[in-house]
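Chemist: Need a 3D model of the following:
(chains A and B)
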There are 2 protein chains.
Amino acid sequence: MALIVQKFGGSSVANVERIRRVAKRVCDTVAAGNQVVVVVSAMGDTTDDLIELARQLAPNPTAREMDMLVTTGEQVSIALLAMAIQAQGVPSISFTGGLAGIRTEPIHGKARITDIDPRRICAELADGKVVIVAGFQGASDDGSITTLGRGGSDTTAVALAAALKADVCEIFTDVDGVYTTDPRVVKAAQKIESISYNEMLELANLGAGVLHPRAVEFAKQYNVTLMVRSSFNLNTGTLVEEEAKMEQGRIVRGIAHDTNVVKVALVGVKSRIGNLHRIFQQLAEQSVNVDIIVTSVVHDECSDISFTVTEDDCETAIKVLEGIVADFGNPDIAVEDNLAKVSIVGAGMISNPGVAAQMFGALADAGISIKMVSTSEIKVSCVVDREQAHRAVQVLHSEFGLDAVEEAIVAGLNGE
Amino acid sequence: MALIVQKFGGSSVANVERIRRVAKRVCDTVAAGNQVVVVVSAMGDTTDDLIELARQLAPNPTAREMDMLVTTGEQVSIALLAMAIQAQGVPSISFTGGLAGIRTEPIHGKARITDIDPRRICAELADGKVVIVAGFQGASDDGSITTLGRGGSDTTAVALAAALKADVCEIFTDVDGVYTTDPRVVKAAQKIESISYNEMLELANLGAGVLHPRAVEFAKQYNVTLMVRSSFNLNTGTLVEEEAKMEQGRIVRGIAHDTNVVKVALVGVKSRIGNLHRIFQQLAEQSVNVDIIVTSVVHDECSDISFTVTEDDCETAIKVLEGIVADFGNPDIAVEDNLAKVSIVGAGMISNPGVAAQMFGALADAGISIKMVSTSEIKVSCVVDREQAHRAVQVLHSEFGLDAVEEAIVAGLNGE
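Modeler: All right, here's what the predicted structure looks like:
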């Protein structure tokens, strides 16, 4: 008998009909001889609706009261799902994050999980029940209700899987799994059978969107086997685990792209040791999330510093820079929006130094100019014009042999 | 500095505008130099909407999951009200029933409060904060979320007032206080300045509707001073306390009526000792709430037994009787609906034995026939035809000198 943690997001439980479908899925998993713990998010737009109510009442509500407010969303979901499962004849019980034993830092809005006491869940599982746990939330030591911030429900599921030593943590989504790239951009995109934590982490961070990076990080740390799969069908999804099978020896496993990229440049910074530290420290203090950083020395006394941020952070970043440029010889501040980041990801790159060059070549051949470059051991990212982003993804998907072979596609179409 | 517990019902917090108005009221009370604990219900129809969602998913959801579900309603209210109060510059913090220290029996749907640990509330009050507590809910010893059942928010407010030794517990409603009778039925109905617990209890039980009997019972037990007042104006409301001032020596303080009355009769029950016990034990086991019981011996071997129930319970009552009539000589089951109960209430009745006779006389003079009678030390109830109920209330209100004197009404109209 396997122990499975299943996580369903807000759109999977957006209405009564979908909750009933999730309940059916859970009951089928039980009928197949498994113990099941289910993690759910708030129904559909509930959280946004609650935040809007709060906004109407207070310009700047405290994070504590926001947590008190929005955690009701998941609480509604767990109760309704437990009822729906009971209605299908399977015993079930629901727990809020706090009641499930999820302890967090005493911080509101973005608490980290400090500990999970799974005894209560274990007792209910042993009693033959399906246990439903509210995602995204926990309780601090004094019992205050906290939330985990973005990607919270994925993190709850992975953390519970770790604490319960579950056999697998299934993340249900509206696609069949993790794809070599966005199928809306590249028709020949293929579902990846298995992928390593590090690769998934790069793809998640790069905006693939199916799985929150924080949850992947957690899964990697506790060696939790993840399965990303569709809530609409029974297809096997994508397995995320430590040793991904080296599928056909491919070096590049997936192509990610992110169109929310703005480049900010300081042109003509007076050279001084510690410049970078002082500039990016100021940005960090204002919570500006900087992605790629490029710096080049123009001549001995002068350098240019460029970095990318999301559109949301752009205004704050400029304000920060305007406040400090006087200390740096008054360089010009140049902003370039309408950019995108295109990345190739694959653990095999480490031992294949020619991959970046191959990427640059393919883009150049397609007439796509590269504005910035950033590399890690398992990925290379290029910043390009936003309008060329999709073309870049298509070119790279093909260049690195990720397009589904024609026979496979034909076979798929014939239903073989 | 006084400590005041204020309770606002669902209609008082039904939308953002009303929540803001409640926040203003609370802040005004703080500005007047008081410490304030606020108890709120769920916004408007939230609870009904949640119950409807549950009904769509499960014909018979467990009480535990229903509690998990509906308690989110008050949790939303407390968070929003705390934010609204903060937005008006007054520090505020919200607690669910469990976090506020309200312990209940480990029963779902209708738990009784077993204990309140007010330390956390006291600490926040000492810290200068307004404390907002979710009404209607608590937690059992193992932390499970429970609800108090009907009248729960009133009960929460009174219980907190008792535990905190508050100076007064203010119950806000959409009328100015407790009236001598329903002002929609009798135009000359007057607001009662003060009333005793027992009188209020009879009026509450008899359907006056402003205050739940359970909360009055609790207030009586712990000697909590209640003030029923309007959330729409600053008028002094009705004070409910142990020693009500004997207003102008009136014997009858109020007239209540209840139009949800069905009479069920067993005609020709074979006499045997223990009949009543066995019949009403069976009804109690099926949770049929019986109000007035009348029994008469027709002759030595045969008696008639009648009782009243609400329309909701009528069907169950008939089923129970049908199942057991064979044991009682197969009496006929007769049901009479379209009835109402009209009651006069006043602590002064104890020492005035002619009051019941005066009531019967007044009703007879008005051509209203009395179907059943029930008395207690401080009330007399008569069951009459439903269509005559309002007329009966008007006749009795006038008979017992409760109509506002004409000069007073004229003065009121002139705004003097």
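
Chemist: neighbours around A:E301, how many?
Modeler: 12 (other C-beta atoms under 10 Å in any protein chain shown). C-beta here means a position set from N, CA and C on the backbone, and glycine is covered the same way.

Chemist: next one: the helix or strand hosting A:I255 to chain centre, how far?
Modeler: In this structure, A:I255 sits in strand A:254-270 according to DSSP states H and E. Here strand A:254-270 is found 20 Å from its chain centre; the criterion is C-alpha atoms, centre = their mean, to the nearest Å.

Chemist: for it, packing partners?
Modeler: Here strand A:254-270 touches helix A:197-203, strand A:302-309, helix A:311-324, strand A:332-345, helix A:389-399, going by 3 or more C-beta pairs under 8 Å, 6 or more residues apart in numbering or on different chains; DSSP states H and E.

Chemist: Ok, which of these comes nearest A:V294?
Modeler: Nearest to A:V294 among the helices and strands packed on strand A:254-270 is strand A:302-309 (4.8 Å), distances taken as C-beta to C-beta.

Chemist: Parallel or antiparallel, list what pairs with the closest one.
Modeler: strand A:254-270 (antiparallel), strand A:293-299 (antiparallel) (DSSP bridges).

Chemist: Show me what it is in contact with.
Modeler: A:261-271, A:275-276, A:279-280, A:288-298, A:317, A:329, A:331, A:339, A:341, A:372, A:383 (C-beta atoms under 8 Å, 6 or more residues apart in numbering or on different chains).

Chemist: same check, this time on stretch A:281-294
Modeler: A:261, A:276, A:280, A:305-310, A:313, A:316-317, A:319-320, A:323-324, A:341, A:372-374, A:381, A:383.

Chemist: Could you list the buried residues of it?
Modeler: A:Q282, A:L283, A:V288, A:V290, A:D291, A:I292, A:V294 (16 or more other C-beta atoms under 10 Å in any protein chain shown).

Chemist: for stretch A:386-402, same thing?
Modeler: Buried-residue list, stretch A:386-402, by 16+ other C-beta under 10 Å: A:386, A:388-397, A:399-400, A:402.

Chemist: Can you show me the CA trace of that stretch as PDB?
Modeler: The C-alpha coordinates for stretch A:386-402 follow below in PDB (Å, rounded to 0.1, in the frame of the first residue of the first chain):
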ATOM      1  CA  ARG A 386      10.200  40.500 -26.700                       C
ATOM      2  CA  GLU A 387       8.700  40.200 -30.200                       C
ATOM      3  CA  GLN A 388      11.400  37.700 -31.200                       C
ATOM      4  CA  ALA A 389      11.000  35.600 -28.100                       C
ATOM      5  CA  HIS A 390       8.700  33.000 -29.500                       C
ATOM      6  CA  ARG A 391      10.800  32.700 -32.700                       C
ATOM      7  CA  ALA A 392      13.800  32.200 -30.500                       C
ATOM      8  CA  VAL A 393      12.100  29.400 -28.500                       C
ATOM      9  CA  GLN A 394      11.100  27.600 -31.700                       C
ATOM     10  CA  VAL A 395      14.600  27.900 -33.200                       C
ATOM     11  CA  LEU A 396      16.200  26.500 -30.000                       C
ATOM     12  CA  HIS A 397      13.700  23.800 -29.500                       C
ATOM     13  CA  SER A 398      14.500  22.500 -33.000                       C
ATOM     14  CA  GLU A 399      18.300  23.200 -32.700                       C
ATOM     15  CA  PHE A 400      18.600  21.000 -29.600                       C
ATOM     16  CA  GLY A 401      16.600  18.100 -31.000                       C
ATOM     17  CA  LEU A 402      13.500  18.500 -28.800                       C
END
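
Chemist: Looking at the stretch 301-416 of chain A, what residue ends up closest to chain B?
Modeler: Residue nearest to chain B within the stretch 301-416 of chain A: A:D312 (23.5 Å; C-beta to the nearest C-beta).

Chemist: Could you report the distance from that residue to A:I4?
Modeler: 37 Å (C-beta to C-beta, to the nearest Å).

Chemist: And A:I344, by the same measure?
Modeler: 33 Å.

Chemist: before we move on, what about A:Q286?
Modeler: 43 Å.

Chemist: likewise A:D182?
Modeler: In terms of C-beta to C-beta, A:D182 sits 28 Å off from A:I4.

Chemist: Check A:E65 too.
Modeler: Taking C-beta to C-beta, one finds A:E65 at 36 Å from A:I4.

Chemist: Settle it for me: which of these two has more neighbours?
Modeler: Each of A:E65 and A:I4 has its neighbours counted (other C-beta under 10 Å); A:E65 has more, 26 against 22.

Chemist: I'd like the mean pLDDT over the helix or strand that contains that one, please.
Modeler: Using DSSP H and E, A:E65 maps to helix A:63-87. What helix A:63-87 shows for mean pLDDT is 97.

Chemist: so that helix versus helix B:63-87, what angle?
Modeler: 160 degrees (axes from the mean of the first three to the mean of the last three C-alpha atoms, to 10 degrees).

Chemist: Now helix A:63-87: buried residues?
Modeler: Buried residues in helix A:63-87 (16+ other C-beta under 10 Å): A:64-87.

Chemist: residues in chain A within reach of chain B, list them.
Modeler: Residues of chain A lying close to chain B (C-beta under 8 Å from any C-beta of the partner chain) are A:16, A:19-20, A:50, A:53-54, A:56-62, A:64-66, A:68-69, A:71-72, A:75-76, A:78-80, A:82-84, A:86-87, A:93-94, A:96, A:98-99, A:143-145.

Chemist: low-scoring stretches of chain A, by residue?
Modeler: Applying pLDDT under 70 to chain A picks out residues A:207-208, A:244-249, A:405-416.

Chemist: Using the record's domain definitions, break it down for me.
Modeler: In terms of domains, chain A is parsed into A:3-173, A:255-399 (source: automatic domain parsing).

Chemist: Point out the most buried one among those.
Modeler: The highest average neighbour count among those, using mean count of other C-beta atoms under 10 Å in any protein chain shown, belongs to domain A:3-173 at a mean of 21.

Chemist: what about that domain, how long is it end to end?
Modeler: 20 Å (C-alpha to C-alpha, to the nearest Å).

Chemist: residues in contact with A:V168?
Modeler: A:A2, A:I4, A:V5, A:A161, A:T225, A:L226, A:M227.

Chemist: Hmm, the fourth one is touching A:V5, no?
Modeler: Yes - in this structure, A:A161 is within contact of A:V5 by C-beta atoms under 8 Å, at 4.2 Å.

Chemist: so what sits against both of the two?
Modeler: With C-beta under 8 Å, 6+ apart, A:A161 and A:V5 have common neighbours A:V168, A:C169.

Chemist: same for the helix or strand hosting A:T155, what does it pack against?
Modeler: Using DSSP H and E, A:T155 maps to helix A:152-163. For helix A:152-163, the contact count by 3+ C-beta pairs under 8 Å, 6+ apart identifies strand A:3-8, strand A:35-40, strand A:102-104, strand A:113-116, strand A:130-134, strand A:137-139, strand A:168-173, helix A:213-222 as packing neighbours.

Chemist: List the contacts of the helix or strand that comes right after the longest one.
Modeler: From helix A:213-222 onward toward the C-terminus, using DSSP H and E, the following helix or strand is strand A:226-230. If you take C-beta under 8 Å, 6+ apart as the criterion, strand A:226-230 is touched by A:158, A:168-178, A:200, A:210-211, A:215-216, A:219, A:235-241.

Chemist: which of those residues are buried?
Modeler: A:158, A:168-173, A:175-178, A:200, A:210-211, A:215-216, A:219, A:237-241.

Chemist: From A:T295, how far off is the closest residue to A:V383 other than its chain neighbours?
Modeler: Using C-beta to C-beta, 6 or more residues apart in numbering or on different chains and skipping residues adjacent in sequence, the residue nearest A:V383 is A:M372, 4.0 Å away. Distance of A:M372 to A:T295, given as C-beta to C-beta: 11 Å.

Chemist: And A:A31, by the same measure?
Modeler: For A:A31 relative to A:T295 (C-beta to C-beta), the value is 59 Å.

Chemist: Next: A:E241.
Modeler: In terms of C-beta to C-beta, A:E241 sits 38 Å off from A:T295.
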